[in-house]
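# need coordinates for the following:
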Amino acid sequence: MKTNNYDVIVIGSGGAGMIASITARKQGKKVLLLEKLPALGAKLKATGGGKCNLTNTLSSEEFMNSFGRNGRFMTTAIDMLNRDSLIEFFLSIGVQTDTKDGFRIFPVTHNSSTIIKALEKELNSLRVEIECNQSVQKLLMSENRISGVQTQDTIFNAPNVIVATGGLGFPVLGANGDGYEFAKELGHKITDLYPAMLPVYTKETWVANCTADTIAKAIVRIDLKKAKKLKAVGDLIFTSKGLRGPVILDFSREITPLLEKYDEVPLLINMVKGKNEDEVLQIVKKHASSNPDSNVLDNVSSLLPLSVAKELCQIVNADISKKFKDQNGEVRNNLIKIITNTPLTVVDSVGFKKAMITRGGVTLKEIDPTTMKSKLVDGLYFCGEVMDLDGPCGGFNLQWSFSSGNLAGHLL
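Numbers count the residues shown, from 1 in each chain. Now for the predicted structure:
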């Protein structure tokens, strides 16, 4: 085996790994970036549907709050590389950004290849050594500290190793959980791992008849006693087998652990922007009064897309040839209830195969948030998705990857 010596070895060439390599090199370190695939940034290429949603316009405070109770763990990393400084960094390497919706920030090309090419060019200009097709098999230790890594055919020596291997999502893009194994072998605890930010499948088949429609600002709740307080708001999209859209992608991190425990997860969905039963009843009655020849389907479709209105009417056995007032009382009551709280049952998900994010990872209790350094092993750092911290869709996770990678690369 040939031997090579470095100051820092970075494992993984996603957003976190590339930024960590760039930052460490700017500190004057001799850096080696190892990637198991033939090219850099495979997972980054798929980010944001290939458009690469880099970050968003929230303040740092709001940004961290969006990650929940562990959001404060990010404080040092975000202070060091926040949204504005990230945009400045990309501008400095030739990437301009824009925000067409006033929230999500993309490269102006809306193409992730722009980001990958710019980062790769910067890595090369800084003379970061890059080795692709190198699968790390083991982290090496000497006298209770990191001493390097062993790949399938080489030992690389370094007193510092940054693990930026990502999670378990999209195994075709190189994810296999190796970072978790490295951490476990060195004594770190890995929290339970679940697929997140992914579509789900439902028991109800009627959703397949509504695939052309998107429900804006749907409110999704879990109808389980222990999860009553959980909810998410956002656009909902029906699929041939279930549900997707931003609200489901965000909420799936809460659904998948329950799915593993209960096999089925009942949802209640308000598809009328939070309106209650009284408000919905008044709207339906008003529409019926203003349109004397309208039937119940016409009335309900004043609130919902026609395809959805038709399915809900069928579920409660409403006669769509009749007016709303001519339905029997039980049907009218059930129709108003199902409009405000539509029940759907999640029975499966696409799993890690197409999960954009992994919920869980190296426990944050064993990582110093001011450095991203392991509290257990000297010379070991973590950044990005391999840690137990994930956020909603909308540039949150990529900003966190860049910020944590930058902090780890400083080797404080």
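# so how far is stretch 274-285 from its chain's centroid?
34 Å (CA atoms, centre = their mean, to the nearest Å).
# quick one, what contacts the nearest residue in space to Gly177 that is not next to it in sequence?
Leaving aside its sequence neighbours, Gly177 sits nearest to Leu168 (CB to CB, 6 or more residues apart in numbering; 5.0 Å). Any C-beta I mention is one placed from the backbone N, CA and C, and that applies to glycine too. For Leu168, the contact set (CB atoms under 8 Å, 6 or more residues apart in numbering) comprises Ala175, Asn176, Gly177, Leu193, Pro195, Phe352, Ala355, Thr358.
# narrow the residues you listed to just the buried residues.
Ala175, Gly177, Leu193, Pro195, Phe352, Ala355, Thr358 (16 or more other CB atoms under 10 Å).
# and the residue nearest to Gly177, what element?
Here Leu168, judged by DSSP states H and E, is contained in no helix and no strand.
# gap between it and Gly48?
Look at Leu168 and Gly48: by CB to CB, to the nearest Å, they are 19 Å apart.
# repeat for Ala288
Distance from Ala288 to Gly48, by CB to CB: 43 Å.
# residues making contact with stretch 151-159?
Residues contacting stretch 151-159 (CB under 8 Å, 6+ apart): 1-9, 32, 34, 134-137, 140, 145-150, 379.
# meant to ask about stretch 248-255
So stretch 248-255 is contacted by 194-200, 220, 222, 227, 230, 232, 234, 236-237, 265, 346, 349, 356-357, 359, 390, 392-393 (CB under 8 Å, 6+ apart).
# now it: how far from the chain's centre is it?
Stretch 248-255 sits 9 Å away from the centroid of its parent chain (CA atoms, centre = their mean).
# any regions of the chain where pLDDT drops low?
Across the chain, the ranges flagged by pLDDT under 70 are 1-3.
# and the next element down the chain from the longest helix anywhere in the chain?
What stands out as the longest helix in the chain, according to DSSP state H, is helix 246-262. Sequence order places strand 265-270 as the next helix or strand after helix 246-262, per DSSP H and E.
# list the contacts of Val346.
So, once contact is read as CB under 8 Å, 6+ apart, Val346 ends up touching Val200, Tyr201, Thr202, Lys203, Gly242, Leu243, Ile255, Leu259, Glu264, Val265, Pro266, Leu267.
# Thr114 - how many residues pack around it?
20 (other CB atoms under 10 Å).
# isn't it right up against Cys52?
Yes: applying CB atoms under 8 Å as the test, Thr114 and Cys52 come out as touching, 7.4 Å apart.
# shared neighbours of these two, anything?
Pro107.
# give me the domain ranges for the chain.
What automatic domain parsing lists as the domains of the chain is 2-194+356-409, 199-349.
# okay, the ones you listed, which one's buried deepest?
domain 2-194+356-409 (a mean of 20; mean count of other CB atoms under 10 Å).
# how distant is that domain from the center of its chain?
On CA atoms, centre = their mean, the centre of domain 2-194+356-409 falls 15 Å from that of its chain.
# quick one: the helices in the protein?
15-26, 42-46, 60-65, 75-80, 83-92, 112-125, 178-185, 246-262, 277-290, 296-300, 306-315, 329-340, 396-409.
# in TSV: the ones you listed, plus distance to Thr371.
Shown next, in TSV, are the helices of the chain (distance: least, CB to CB, whole Å):
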stretch	distance to Thr371
helix 15-26	12
helix 42-46	24
helix 60-65	18
helix 75-80	8
helix 83-92	18
helix 112-125	22
helix 178-185	16
helix 246-262	27
helix 277-290	52
helix 296-300	57
helix 306-315	51
helix 329-340	49
helix 396-409	7
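# so for Cys210, which of the ones you listed sits nearest?
helix 306-315 (4.4 Å; CB to CB).
# can you name every helix or strand that the closest one contacts?
helix 296-300, helix 329-340 (3 or more CB pairs under 8 Å, 6 or more residues apart in numbering; DSSP states H and E).
# between the ones you listed, which gets nearest to Lys121?
Lys121 lies closest to helix 329-340 among those, at 53.3 Å (CB to CB).
# the helices and strands packed on helix 306-315: which one's closest to Phe106?
helix 329-340 (35.6 Å).
# chain center to the closest one, what's the gap?
The mean C-alpha position of helix 329-340 is separated from the chain mean by 36 Å, CA atoms, centre = their mean.
# and the angle for that helix with helix 277-290?
Angle, helix 329-340 to helix 277-290, by axes from the mean of the first three to the mean of the last three CA atoms, to 10 degrees: 110 degrees.
# list the contacts of helix 329-340.
270-272, 275-277, 280-281, 284, 296, 300, 303-304, 312-313, 315-319, 324, 327.
# grab the nearest non-local neighbour of Ile219.
Nearest non-adjacent residue to Ile219 (CB to CB, 6+ apart): Asn270, at 4.2 Å.
# show me what contacts Ser147?
Ser147 touches Leu140, Met141, Asn157, Ala158, Pro159, Gly379, counting by CB under 8 Å, 6+ apart.
# 10 Å instead?
Leu139, Leu140, Met141, Ile155, Asn157, Ala158, Pro159, Val161, Gly379 (CB atoms under 10 Å, 6 or more residues apart in numbering).
# greatest separation within the residues you listed: which pair is it?
The most widely separated members of the contacts of Ser147, counting by CB to CB, are Ile155 and Gly379 (15.8 Å).
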